[in-house]
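S.K.: I would like the atomic coordinates for the input below:
(4 chains)
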Number of protein chains: 4
Amino acid sequence: MEFAYSAKVEALREQVTDFVNNTVIPLEPVYQSQKPEIGPWDTPQIIEDLKNQARALGLWNLFLPGDRGAGLTNLEYAPLAEISGRSPWMAPEAMNCSAPDTGNMEILHHFATPEVRELWLPQLLDGKIRSVYSMTEPAVASSDANNISLRITEEGEGFRVKGRKWWSSGAMSPHCKVGIVMGLSDPDGERHKRHSMIVVPLDTPGVNILRSTSVFGFSDSGHGGHAEIEYDCWVPRDHLLGELHSGFAIGQARLGPGRIHHAMRLIGMAERAFDIMCDRAHNRFPFGKAIAEQGVFQDWVAEARIRIEQVRLLVLKTAWLMDTVGNRGAAVEISAIKVAAPHMAQWVIDRAIETCGGAGVSQDYPLAELYAQSRMLSIADGPDEVHKMKIARHELRRYAPGS
Amino acid sequence: MEFAYSAKVEALREQVTDFVNNTVIPLEPVYQSQKPEIGPWDTPQIIEDLKNQARALGLWNLFLPGDRGAGLTNLEYAPLAEISGRSPWMAPEAMNCSAPDTGNMEILHHFATPEVRELWLPQLLDGKIRSVYSMTEPAVASSDANNISLRITEEGEGFRVKGRKWWSSGAMSPHCKVGIVMGLSDPDGERHKRHSMIVVPLDTPGVNILRSTSVFGFSDSGHGGHAEIEYDCWVPRDHLLGELHSGFAIGQARLGPGRIHHAMRLIGMAERAFDIMCDRAHNRFPFGKAIAEQGVFQDWVAEARIRIEQVRLLVLKTAWLMDTVGNRGAAVEISAIKVAAPHMAQWVIDRAIETCGGAGVSQDYPLAELYAQSRMLSIADGPDEVHKMKIARHELRRYAPGS
Amino acid sequence: MEFAYSAKVEALREQVTDFVNNTVIPLEPVYQSQKPEIGPWDTPQIIEDLKNQARALGLWNLFLPGDRGAGLTNLEYAPLAEISGRSPWMAPEAMNCSAPDTGNMEILHHFATPEVRELWLPQLLDGKIRSVYSMTEPAVASSDANNISLRITEEGEGFRVKGRKWWSSGAMSPHCKVGIVMGLSDPDGERHKRHSMIVVPLDTPGVNILRSTSVFGFSDSGHGGHAEIEYDCWVPRDHLLGELHSGFAIGQARLGPGRIHHAMRLIGMAERAFDIMCDRAHNRFPFGKAIAEQGVFQDWVAEARIRIEQVRLLVLKTAWLMDTVGNRGAAVEISAIKVAAPHMAQWVIDRAIETCGGAGVSQDYPLAELYAQSRMLSIADGPDEVHKMKIARHELRRYAPGS
Amino acid sequence: MEFAYSAKVEALREQVTDFVNNTVIPLEPVYQSQKPEIGPWDTPQIIEDLKNQARALGLWNLFLPGDRGAGLTNLEYAPLAEISGRSPWMAPEAMNCSAPDTGNMEILHHFATPEVRELWLPQLLDGKIRSVYSMTEPAVASSDANNISLRITEEGEGFRVKGRKWWSSGAMSPHCKVGIVMGLSDPDGERHKRHSMIVVPLDTPGVNILRSTSVFGFSDSGHGGHAEIEYDCWVPRDHLLGELHSGFAIGQARLGPGRIHHAMRLIGMAERAFDIMCDRAHNRFPFGKAIAEQGVFQDWVAEARIRIEQVRLLVLKTAWLMDTVGNRGAAVEISAIKVAAPHMAQWVIDRAIETCGGAGVSQDYPLAELYAQSRMLSIADGPDEVHKMKIARHELRRYAPGS
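M.R.: This next block holds a predicted model:
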């Protein structure tokens, strides 16, 4: 047991910290000022500039294990993803490490046919295009993946994809070119063998992007929003990912890293809020005393530090487990951080909002948007209730009579 | 002691409930559809239509005691304001009972010179114009009113008003014509005799509306947003409200009813969220069972009902105290509901969001905006920390040695 | 709607407050000093002295509506029971208003045959003897009354009572002479028509008192503890309460007032803790400043006041509902206070403990014992989970499709 | 970074787990049955038997680094102390690792003169006698060590020790022979150089043990209770520990390990409660379904697992920091676990109590006593408020203007 980061990770942390704190965050106002001057769902130019800088620094595709990425383990990547979470609208994309592209690249890498993979993966790895992941549906309780009802049916030399998805994040962006769609391919199959996953280029006839859903009033327009999409289209057979009816297993493979990446970034989001609240507290003087010297505020600071540190350690241990026993072996811990990280972040950010008063809920601080993101992350990829049920059932099995 | 509403109130509740549930709420989609077609800070036409209906029904200026209003006590008005909170962006304005106009009308009624009063009050009572209340400042910790630094200084036959305000809600609206401004008039005066309050018509040269601040990602554009205003203007002496240097006392007089009206509406907001979550729960079936039949959800429902009911009773008792012993005598209770009501609403709304999943944070439900509003109301009119300090000091005084 | 206590209640409140604060509480040390000198389950003599005083003051059997008691409504009795909760081990018994005797007296009054009633009720009303209520069983999940398994079967001219009960509070006391026992009389009957309730004099052959269970480390020995009893005895037919198989209905009738009395006293317990913590805070000076002036402590004080006040209002409204629409009509509110009051009390008492430090958990303050009592009251008469389920189902019914 | 225990630790964990789960816990009923048959403050014989077994197994003095103990690091000892916490009244003493002896042995080892050290340390290391640590005082707010007022003054060839202490745990035991006392030796000295620490054999004339304080009704009689002691005695000069006026520094040195040992054991206490609640849940069937299958209960299980795991990681990291950067370097983390571990344990134990119903608060389960212990541990060695203040000040320093 050893709690120090390796020398390699320490060096990378220093680099990423320098990039995020000294380059990215100071440019956040530029992002804000460029935003109204471009297309409603377009990305400010500053992001392209930052991508060039990150690539030049070698801070590129850090999320991806193996040859095509930086070759880091989850445990090595975790503290870096955390730092990128300090500026979640700019840093992850600048480093080509933003959701849902990271998960999509992993799926294409592992499950796409060579032709389809080479068509899309190099462009994504190069940050030339973006991609979308279409899983959730407006008409059913998608927290239970078994409810997914978009149909994928064989038709000629390929598949018809028919149904409606939403929360297809990024698809409003003009740079978003390809989607991965989960659908029901065998309604009568075994419980976890009913669904398939398939690649759908967004210019396929019959892909209709209807609108975007907002998150607490925020459109996430710089990231391509969250699209509702009507699919009624045909794609060739080689667009299928993995085996037919193996969609559920692919989804599970994808969600493990996806969830831990979110958890990592949530820690960075909380740390950003913590910085803001501590800074502000030294500079505001209600009732004749700096907020920093007031007992209730100090209680929040201590509580925030205790909560952040605990979640960070749980995330790091989960990353280590994923590296050593695999995503399936780490399933309980992945569910645990899926629940714990957003709640911790919401709490810290909420206290930062309270510390900043009216400014805290406004556009003058990133806090309200950080809150909105972290609240959404208690829902996305499965709400708390589903993950807690999984944890509980796993734990209770050990105590079952006769076990 | 008697917990039944009077027959008069029951009749009004029935009327207001019918108006809000059967007229206003069904028209919310019309409001949403009219919004993009008008000026960015303008109010959809549907509101004017509803105002006409409400006036015809006698559901007009219910907030105002005395001859010029409906003549209701706080205790009588409380349950009506609650119902209007079920549709907080439409119902209060439809009934000419929305903040900050209600408080401003009360101030004009009680403290304005007859000339100034008759210039503005009839138009406000008639719903022809709107008004703004400029208190909070961006540069100081305004939770402590003693920090307010905008200067009001005698100059010729009137006063110069010079300084910057923000969170001046409503001022972006083209219908907003007049402001009430709080400023420092005697920096060396006694603690609560340093400030004055003054009427400033918004077309006065030197009134510059700079921008609006958002609440989470919501602009509140249909209500004139929340303006940051640079004041450097002159107004005649008769625009002063009450005595010179009596601003603090006027503010206190205003804030009592203002806070309880917010608390009342927050109960309605929570009830609206409660309705949404219970409805949804009967219609979604994750893991083969309606959400309504799942234990964790039922726990939220019970907890929500318990919390709502407790806050409602505390608000009603506070209203009764204001009627019987006055705002000052009810000061501790006013602080108590100022703290309790927004927290209760936040909790209920958050559980409704969780119940609705992705839809809950989006524009498809009013929940995220209700959350944003209720979160802001833990800050506006004094954050929790200030009100709790007041309550605690009051309580602890009874136990002081020698007391 | 009216929140003032009636003149009659105000006068009684003054009397009871005077008795509890100025007579009972100052004698608590006498109770403690007499306790070790008497039999292990006996009651200190001071209680008899106080009973005489209370009776002389007319503060006797206040709980009982009608001729045989003080004739108060629930709403009138509520604020008096609250005050008695300030010294829960002495004041209720001194005033002949302590559980389980109050509930048992009500049952005997309403459901016993005249012979049996007159045998026991006058002695109980006179405070000469005490009684026990045997409902919960050690071997089953008694939170679900349908699980109750002690058998009541007809045998000759009476009934055999056979089974084991525990948490039969008071039965260790030498003064406890009679019990009311709930048992299964018709296993195949309809869901709520399977049980009967019967009177069992404790000297009946076959009543074996086995031991007492403690609450945290407290034996409640001054109140006859909480006995585990093996019943294998026979009682004559006229000992049956009400109709055969009507035990469930009688239990419901009993539990309504029982639960609200507990809730009332819990408010008094919280107020006692509040007093202790505010007193102490003025007299301890860590880090150079009285605790009373420290922000975190003030936050607890405010929070405690807000929570106490809300629960008090909910309890009062529930009492009013019981008076006006009956126990059944008030069922949801009774469940609500059953959940809310103990939690509120636990929170306030816990903060008082924290304020008193080591003294707080010790015998030097009543706080630890108050905590233990209030924690037990989240379990006794049905745990939170059962009451929340009842509330939720009631609420959700309104939203069911087709309703 | 590496989250696996070393092979050495894994082997020890297996041994300690086997000893605690298969030897100690099954003998808990024997401890209970022996208790009433011995002196009121004496220790049941079973403990001596277990001590012999533990010594024979080499599970002895595991807490002590260096030659005289097991030579383990804090990180190595942490998971072992955790397991001993599963039976906190038996396992730590059986392994000669119980408070306050462990801390006292460390102080004697490091700070006593050779003569005094060899007089007491071998007997303590051998489990022949026990010892007491007298720090807290009944008359002052001891959460602030600067308030400590017992006087240590030079008198002849030694020191007079005069004042009153309480919470001197263990001193009621006939086996407790020696105390370490903290007192004020230089009232005018610098803030942290006013106090001294000194050895006082308990048979010194003028040491009067007055009484014991309880913890939520529990006397902790098997462990020598918590004594209040009047000191008015004289001890020779060589009984001084370390330098004159260095008591504060010695105290800090002692408290680091003391606090982490408590935190470790609290995790074991929580795991024990977790076991009990999961076992029970499979065996009780309210409303026709095992508790283990009910949603609300599952929510507690998941929440408990998430909370336990987070605190465990934070404790382990703190142990690692103490080993690598020293107690001072780990001060913030030590404060963090001092706050977090008892709260986590209280929450888990409380949910276990709720799961067990009436049995949960009674002597039939160890839960109520575990709760009492864990609640006291939020107070002992400094209440939350003091530790949070320390954490907050440390954090806020980084953000101070000009820093």
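
S.K.: where do the strands sit along the stretch 151-300 of chain A?
M.R.: Using DSSP state E, counting those that start in this stretch, the strands assigned to the stretch 151-300 of chain A run over residues A:151-155, A:158-169, A:176-184, A:195-201, A:207-212, A:226-236, A:240-241.

S.K.: does any part of stretch A:125-138 sit near chain B?
M.R.: Yes. Using CB under 8 Å from any CB of the partner chain, stretch A:125-138 reaches chain B at A:136, A:138. C-beta here means a position set from N, CA and C on the backbone, and glycine is covered the same way.

S.K.: So for that stretch, mean pLDDT?
M.R.: Regarding stretch A:125-138, the rounded mean pLDDT is 97.

S.K.: If we go by neighbour counts, what in that stretch is buried?
M.R.: For stretch A:125-138, the neighbour count (16 or more other CB atoms under 10 Å in any protein chain shown) marks A:125, A:127, A:129-138 as buried.

S.K.: Compute the first-to-last residue distance for it.
M.R.: Its start and end residues considered, stretch A:125-138 measures 31 Å (CA to CA, to the nearest Å).

S.K.: hmm, back to that, is it possible to get a markdown table of the strands of the stretch 151-300 of chain A that adds mean pLDDT?
M.R.: Listed next are the strands of the stretch 151-300 of chain A as a markdown table, based on pLDDT from 0 to 100:
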| stretch | mean pLDDT |
| --- | --- |
| strand A:151-155 | 98 |
| strand A:158-169 | 98 |
| strand A:176-184 | 98 |
| strand A:195-201 | 97 |
| strand A:207-212 | 98 |
| strand A:226-236 | 98 |
| strand A:240-241 | 98 |
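
S.K.: excluding its backbone neighbours, what's nearest residue A:158?
M.R.: Of all residues beyond its chain neighbours, the one nearest residue A:158 is residue A:236 (4.2 Å), with distances taken as CB to CB, 6 or more residues apart in numbering or on different chains.

S.K.: List, one by one, the residues from the stretch 151-300 of chain A near chain D.
M.R.: Residues of the stretch 151-300 of chain A lying near chain D by CB under 8 Å from any CB: A:275, A:278-279, A:281-283, A:292, A:295, A:297-299.

S.K.: Most widely separated two among these?
M.R.: Using CB to CB, these span at most 21.1 Å, a distance reached by A:275 and A:295.

S.K.: is whatever helix or strand residue A:388 lives in up against chain D anywhere?
M.R.: Assigned by DSSP states H and E, residue A:388 belongs to helix A:384-397. Yes. Contact of helix A:384-397 with chain D (CB under 8 Å from any CB) involves A:385, A:387-393, A:395-396.

S.K.: Return only those of the residues you listed found close to chain B.
M.R.: A:385, A:389.

S.K.: Save the residues of helix A:384-397 next to chain D as TSV, and put in pLDDT too.
M.R.: Shown next, in TSV, are those (pLDDT from 0 to 100):
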residue	pLDDT
A:385	96
A:387	96
A:388	98
A:389	97
A:390	96
A:391	98
A:392	98
A:393	97
A:395	97
A:396	98
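
S.K.: Drop anything exposed from the residues of helix A:384-397 next to chain D.
M.R.: For these, a neighbour count by 16+ other CB under 10 Å gives the buried set as A:385, A:387-392, A:395-396.

S.K.: Residue of chain A closest to chain B, please.
M.R.: The nearest approach of chain A to chain B comes at residue A:217, 2.8 Å away (CB to the nearest CB).

S.K.: so how many other residues sit close to the nearest residue to that residue once chain neighbours are set aside?
M.R.: Residue nearest to residue A:217 in three dimensions, not counting chain neighbours: residue B:217, with 2.8 Å by CB to CB, 6+ apart. As a burial measure, residue B:217 scores 20 neighbours (other CB atoms under 10 Å in any protein chain shown).

S.K.: Over to residue A:372?
M.R.: 24.

S.K.: What helices and strands are in contact with the helix or strand in which it is found?
M.R.: If you go by DSSP H and E, residue A:372 is part of helix A:367-376. Secondary-structure packing of helix A:367-376 (3 or more CB pairs under 8 Å, 6 or more residues apart in numbering or on different chains; DSSP states H and E): helix A:247-281, helix A:331-356, helix A:358-361, helix B:358-361.

S.K.: Next one: the residue lying farthest from the centre of chain A from chain C, what distance?
M.R.: Going by CA atoms, centre = their mean, the residue of chain A most distant from its centre is residue A:288, 42.7 Å out. Distance of residue A:288 to chain C, given as CB to the nearest CB, to the nearest Å: 13 Å.

S.K.: Bridge partners for residue A:218, pull those for me.
M.R.: Following DSSP bridges, residue A:218 is listed with bridge partners residue A:215.

S.K.: Check the burial of it by counting its neighbours.
M.R.: The number of residues packed near residue A:218 is 21, by other CB under 10 Å.

S.K.: what's the answer for residue A:5, then?
M.R.: Neighbours around residue A:5, by other CB under 10 Å: 17.

S.K.: Repeat that for residue A:155.
M.R.: Neighbours around residue A:155, by other CB under 10 Å: 13.

S.K.: so who does the nearest residue to it once chain neighbours are set aside touch?
M.R.: Nearest non-adjacent residue to residue A:155, counting by CB to CB, 6+ apart: residue A:234, 6.1 Å away. By CB atoms under 8 Å, 6 or more residues apart in numbering or on different chains, the contact list for residue A:234 reads A:155-156, A:158-161, A:204, A:206.

S.K.: Quick one: which of the residues you listed is the most crowded by neighbours?
M.R.: Counting neighbours by other CB under 10 Å, residue A:161 leads the contacts of residue A:234 with 27 neighbours.
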